[in-house]
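> give me a 3D structure for the following:
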Amino acid sequence: MNSVAGKVAFITGAARGQGRSHAIELAKAGADIIAVDIAHDLPELGLGYPLGSAEELAQTAKEVEALDRRIVTAQVDVRDAEGLANAVEQGVAEFGRLDIVAANAGIAASPVPAHEITEERWTQMIDINLTGVWKTVRATVPHLIAGGNGGSIILTSSMAALRVYQGIAAYSAAKHGLVGLMKTVAAELAPHSIRVNTVHPTQVDTPMVMNEELFKIFRPDLTNPIREDFLAASASLHALPVAVAEPVDISKALVFLASDDARLITGLALPIDAGLLLK
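Residues are numbered from 1 along each chain as shown. Below you'll find the predicted structure:
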């Protein structure tokens, strides 16, 4: 078992999807949780799907507490550096330490050619999916160093950082950027025994993926693709007979990277892709 017993994990985007799954699986392995999420919608982003809610963040807390682990939550936008810093400070004050950082929060994009993306949409994507992760790192690293126990930082990137998906240039640029950030921070923090890695999921069964706007990325030949159209297209990309990953598939890998079992693994971009790169 990849135990993280007695450790404390800070997780962004924890209201649902992969973030909630990370909180649950880390709690099962013995960690206490500091969970943050914007926990309200941002209609101005025009995403085509709702963001997590305060009620969903509260449900994450209930599920962690049902595992007899402690959790504190905060509603924070990852673009808000002060809010992130305050959430980390409050969590560390409550639990006395910080060991694991899962920078998971992010948004998806509607498909549009790179030269047609508006400056506003480009900026929003980079601000949330790249700069928001850097702000998470900046808020948490001082606590990891001060703890003197080493640590593990896992950044959620995407297979869009390892292969081409047309129509999502801003998203791909942000996710590619996370690999460069990860490798640089991994080198900088290695003397402190703090490991830094990225995970690169294939399509995962979450609200961010299971919506009509994202379906169009995989079925651009159809005007209004439905779930079944997407699942067939997604399955065709994988070497393994799998249409989509489940959030727990990503969480199991994350718990391993967070644990002492992965103590020599740093600077790694880990595909969790059902063999997508093989095809």
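
> drop to CA atoms for contacts and neighbour counts, all remaining ones
Fine.

> go ahead and flag the most central residue of the chain.
Asn104 (2.0 Å; Cα atoms, centre = their mean).

> now do the contacts for that residue.
Taking Cα atoms under 8 Å, 6 or more residues apart in numbering, we find Asn104 in contact with 11-14, 18-19, 133, 155-156.

> and of these, the nearest to Ala61?
Ala14 (9.3 Å; Cα to Cα).

> that closest one touches Ala58, doesn't it?
No - assessed by Cα atoms under 8 Å, Ala14 is found out of contact with Ala58, at 9.8 Å.

> between the two, which is the more surrounded one?
Ala14 (34 against 19; other Cα atoms under 10 Å).

> among the contacts of Asn104, who's most crowded?
Ala14 (34 neighbours).

> part of a strand, is it?
No - under DSSP: H, G, I helix; E, B strand; the rest coil, Ala14 sits outside any strand and is assigned coil.

> distance of it from Val101?
12 Å (Cα to Cα, to the nearest Å).

> so where's this protein shaky on pLDDT?
Counting by pLDDT under 70, the chain has low-confidence residues at 1-2.

> contacting residues around Ile153?
100-103, 194-197, 258.

> identify the farthest-apart pair in the residues you listed.
Farthest apart among the contacts of Ile153 - using Cα to Cα - are Ala103 and Ile194, which lie 14.8 Å from each other.

> show me where the protein has its helices.
17-28, 54-65, 81-95, 119-126, 132-147, 169-189, 212-218, 227-237, 247-258 (DSSP state H).

> reformat these as TSV; add distance to Ala109.
As requested, these are exported to TSV (distance: least, Cα to Cα, whole Å):
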stretch	distance to Ala109
helix 17-28	17
helix 54-65	22
helix 81-95	23
helix 119-126	8
helix 132-147	16
helix 169-189	7
helix 212-218	7
helix 227-237	16
helix 247-258	19
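
> go through those and pick out the most buried.
helix 17-28 (a mean of 25; mean count of other Cα atoms under 10 Å).

> quick revisit: what about the contacts of Ile153, which one has the most neighbours?
Busiest of those [other Cα under 10 Å] is Ile100, holding 31 neighbours.

> shouldn't that residue be in contact with Val8?
Yes - the pair Ile100 / Val8 is scored as a contact, 6.2 Å apart, by Cα under 8 Å.

> follow-up on the earlier one: got the phi and psi for the residue nearest to the centre of the chain?
Dihedral angles phi and psi of Asn104 (degrees, to the nearest 10) take the values phi -110, psi -20.

> nearest to Leu42, out of the helices of the chain?
helix 119-126 (11.1 Å).

> which residues touch the closest one?
So helix 119-126 is contacted by 45, 107, 109, 170-171, 173-174 (Cα under 8 Å, 6+ apart).

> how about a cut-off of 6 Å?
Applying Cα atoms under 6 Å, 6 or more residues apart in numbering, the contact partners of helix 119-126 are 170, 174.

> gap between that helix and the chain center?
Centroid separation for helix 119-126 versus its chain: 19 Å, with Cα atoms, centre = their mean, to the nearest Å.

> quick one, what contacts the residue nearest to Leu268 when sequence neighbours are not counted?
Using Cα to Cα, 6 or more residues apart in numbering and skipping residues adjacent in sequence, the residue nearest Leu268 is Asn197, 5.0 Å away. Contacts for Asn197 (Cα under 6 Å, 6+ apart) come out as 154, 266-268.

> dump these into a markdown table; add neighbour count as well.
Compiled in a markdown table, those are given as follows (neighbours: other Cα atoms under 10 Å):
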| residue | neighbour count |
| --- | --- |
| Ile154 | 25 |
| Thr266 | 24 |
| Gly267 | 20 |
| Leu268 | 17 |
